[in-house]
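Enquirer: Mind folding the following:
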Amino acid sequence: MGEFHGGVTHIIKGNPSVPAIQLFIHGAGKALPTGEAMLVPLSCDILWVLYWKGDSEQFMQALQEHFKKTLHAGGFPAWR
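Expert: Below you'll find the model as predicted:
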């Protein structure tokens, strides 16, 4: 997993009262298999709701830490 990019901070700075909702989508790569017309179910978990506190670096660090913590603790199956 690579580092998150800071583009989200530009959006959240302009709307500080609106929460940033971090999602984890399972199975998106298999939602529409190659050559198939039938969608395969996927699931989505809400990980964290974060609010802007005025510091881009702090916000991005919290976003990355929450995601990694949930990824390792969640027992999510590996994508194949």
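Enquirer: ok, now which ones touch the residue sitting furthest away from the middle of the chain?
Expert: Distance from the C-alpha centroid of the chain, by CA atoms, centre = their mean, peaks at G35 (27.7 Å). With contact set as CB atoms under 8 Å, 6 or more residues apart in numbering, G35 has no partners. (C-beta placed from N, C-alpha, C; glycine too.)
Enquirer: And W52, by the same measure?
Expert: 9, 12-13, 15-16, 20, 59.
Enquirer: May I ask which two of these are separated the most?
Expert: Greatest spacing in the contacts of W52, by CB to CB: N15 and F59 (12.9 Å).
Enquirer: Reformat the contacts of W52 into a markdown table and put neighbour count and distance to D45 next to each item.
Expert: Compiled in a markdown table, the contacts of W52 are given as follows (neighbours: other CB atoms under 10 Å; distance: CB to CB, whole Å):
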| residue | neighbour count | distance to D45 |
| --- | --- | --- |
| T9 | 19 | 23 |
| I12 | 19 | 20 |
| K13 | 12 | 26 |
| N15 | 10 | 23 |
| P16 | 11 | 25 |
| A20 | 17 | 15 |
| F59 | 20 | 21 |
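Enquirer: State the number of residues packed around the closest residue to V49 other than its chain neighbours.
Expert: Leaving out its chain neighbours, the residue that sits closest to V49 by CB to CB, 6 or more residues apart in numbering is P19, at 4.6 Å. Using other CB atoms under 10 Å, P19 has 13 neighbouring residues.
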